[in-house]
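*Asks:* sequence and predicted structure below; questions after.
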Amino acid sequence: MRPDLLNPLFAEVTVLKGVGPAMAKPLERLKLSRVVDVAFHLPSGWIDRCPRDELDMADAGRVIAIQLTAVEYKSSAGRGPTRAHAVDAKGNYVSLVYFGGNSGWVKKLLPLGEPRFVSGKLELYGQELQIVHPDIVVPPEEASTVGGREAIYPQAEGVNSKRLAAFAAQAIERAPDLPEWIEPSLKAKHGWPGWREALVRIHADPADEKARARLAYDEVFANQLALLLVRGEARSKRGRALVGDGRLRDRLDLPYSPTGAQSRSIAEIEGDMAQNRPMLRLLQGDVGSGKTLVATMALLIAVEGGAQGALLAPTEILARQHFETLSRTLGGIATVAILTGRDKGRVRESTLMGLADGSIDILIGTHAIFQDTVTYKALGLVVVDEQHRFGVAQRMLLQAKAAVPPHLLVMTATPIPRTLTLAQYGEMDVSRLDEMPPGRQPIETRVLSEERLAEVVEALGRHLEGGGQAYWVCPLVEESETSDMAAAEMRAETLRRRFGDAAVALVHGRMKPLEKDAEMARFSEARAGVLVATTVIEVGVDVPNATLIVIEHADRFGLAQLHQLRGRVGRGGGKSVCLLLRGGTLSETSRARLALMRESNDGFRIAEEDLRLRGSGELLGTRQSGEMTFRLAAPEMLGELLPPANSDARLLVDRDGGLRGERGKAARVALYLFERDAAVGLLRSG
């Protein structure tokens, strides 16, 4: 239960003065629904106001603060600007320009002959100085209330930075003094302030690096401690040792020998499953590195050991694809079934009976496989595919499903930088598939201007005439008035006019599951030559005959997502090509991303570079897929903060009595504050 001293921070945002139902809506768009969210909505930058006694053309481009006196008004016809000509103490002129046509308001704000303290960006207009819409105009006696540095907050339509600053000030007022959870020598070494002082300082001065680092460290520390507690609890539970005898695996007819990395990973998994404590292992593998074979071997080990296995996929498309693959591979070796939210009636009842009586060895499906109505005779292994879609809380729920906690293997085809592996999966052992199966050719990647779209369509025509298939990826489902991005529906329509309706399939996230499945089936069975899609095909679509992928507006995607999309091709024996269509103007970051895609097929290198290039932006598609992200710790800070946070958390657990000691009680507050409190409930002592 959350400590009472945190209740003022976890109150609804409407307790703040000035936040009614109308203001709550733009705050909700910023994900600020509670007071703590406002307190943790840190400034993203600042304005430095340069105090000046007199105007100087050398200050053009700077935000200045100066005392001025209006001497003349000039209004334009209609809704043209109103100009208040003003002078400084030395008689130098500047125009204060207001758009909107309300000259009466300007005259009231700047009465002739009366001095005002004014701040805004000084600009040169021809040979004259001007300030357009000064952001501060107050009587001279109020000048002392204007700070030299003003924080700028990330904002949304309906709430500006000044309002957010006012709400933040109220949120900080409600913030209590909290007991110190950082190991004293570590805090002293870095010269970090206390938690509440850091919060006050960062809102007052966004350039305060020690305050920002302290708050970021707190969040990372709470995360590492939570993962450590989860791991400790999992390790303390008694699981079921599953020892495979090889009788089922020996019957597999593999087209090639496993790579060294696959053999190593299978051996690590087999060793874990033979223990009577539940396995917690993350399997990282680049696109095409052979994770499915490793997962298949793990599932067969479970069946050989007298248990059932379950494979959880994030989407119905991926679940059905796994079902088809494993049904073919394991036909006559093990009984495989599928269960998704769409399965109803007798089919569902039959599957449920087979799970309960043990006649089904392996179940594949979406979250439906862990509903309360689904019972297993002896669930021994859970394999989670595309792990970046599932957070720590979901991993804990999976383990609570069986009477005896099952072994857990989670997989991701999104290579994760080593820094983030520790941050997101610190409770797990890690296996890496860092080599490709033999015969897998690198995908040739080319970057083309969108102006060459007609050439690309002609090249697609030649590709289809030669019997090939292709993906065409668009960022949006339909045209948007506020965006010039290509839409999947519009692109499908133009390609159908060129190649015929039957040749073009279309898949996007707003389609009904049956429609989606039908279109996917048309493409996978080669009844359609082109699949136009949004990023719904980012994971798990496997059509070996598709050897061309076109990605429109590639400069708008992150590196990791581009790499995932590129991995849809190159799955057969032939040469594959990825065409990245870029916009006309590129930022330096976009240029660097596309250059790296052109020169490298190494997902792990791309992931590390993605972390470096994106900085505090979204990483690896995690934010849009629901994984818990850091609010205060920017990704570029993790490399420096994770090692000490991990060491400090271990010190707390191993030396300082865990959550029972004095520092542990403070750390418990940190877990609740940063909403890693699910870990608290795991401790029997908690």
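*Replies:* Yep, that arrived.

*Asks:* alpha carbons only for contacts and neighbour counts from here, please
*Replies:* OK.

*Asks:* lowest-scoring secondary structure element of the chain by mean pLDDT?
*Replies:* Of all the helices and strands that make up the chain, the one with the lowest confidence by mean pLDDT, DSSP states H and E is helix 622-625; it has a mean of 32.

*Asks:* buried residues, the lengthiest strand in the chain. List them.
*Replies:* Secondary structure of the chain per DSSP state E: the longest strand is strand 63-75. Within strand 63-75, the residues that count as buried by 16 or more other Cα atoms under 10 Å are 63-70, 72-73, 75.

*Asks:* just checking, what packs against the helix or strand following it?
*Replies:* The helix or strand immediately downstream of strand 63-75 is strand 82-87, counting by DSSP states H and E. Contact analysis of strand 82-87 by 3 or more Cα pairs under 8 Å, 6 or more residues apart in numbering; DSSP states H and E lists strand 63-75, strand 93-98, helix 103-109 as its packing neighbours.

*Asks:* who's in contact with residue 307?
*Replies:* By Cα atoms under 8 Å, 6 or more residues apart in numbering, residue 307 lies in contact with 242, 361, 378-381.

*Asks:* can you give me the helices in the stretch 151-300 of the chain?
*Replies:* Counting by DSSP state H, counting those that start in this stretch, one finds helices in the stretch 151-300 of the chain at the ranges 161-174, 184-190, 195-204, 209-236, 260-273, 291-304.

*Asks:* between the ones you listed, which gets nearest to residue 639?
*Replies:* When the helices of the stretch 151-300 of the chain are ranked by distance to residue 639, counting by Cα to Cα, first place goes to helix 209-236 at 10.8 Å.

*Asks:* let me know the angle separating the closest one from helix 195-204.
*Replies:* What separates the directions of helix 209-236 and helix 195-204 is an angle of 130 degrees, with axes from the mean of the first three to the mean of the last three Cα atoms, to 10 degrees.

*Asks:* can you list the buried residues in helix 209-236?
*Replies:* Within helix 209-236, the residues that qualify as buried are 210-231, 234-235, counting by 16+ other Cα under 10 Å.

*Asks:* does anything pack onto it? Which helices or strands?
*Replies:* Helix 209-236 is packed against helix 195-204, helix 418-425, helix 635-654, helix 662-673, with contacts defined by 3+ Cα pairs under 8 Å, 6+ apart.

*Asks:* I'd like the next helix or strand past the shortest one.
*Replies:* Using DSSP H and E, the helix or strand that follows helix 418-425 in sequence is strand 429-433.

*Asks:* residues contacting that following strand, please?
*Replies:* The contact list for strand 429-433, computed with Cα under 8 Å, 6+ apart, reads 261-262, 265, 268, 280-286, 289-291.

*Asks:* if we use 7 Å, what do you get?
*Replies:* 261-262, 265, 280-286, 289 (Cα atoms under 7 Å, 6 or more residues apart in numbering).

*Asks:* now do stretch 148-160
*Replies:* For stretch 148-160, contacts defined as Cα under 7 Å, 6+ apart pick out 26, 29-30, 42-49, 161, 164, 203-206.

*Asks:* residue 254 is nearest to which of the helices and strands packed on strand 82-87?
*Replies:* Residue 254 lies closest to strand 63-75 among the helices and strands packed on strand 82-87, at 69.1 Å (Cα to Cα).
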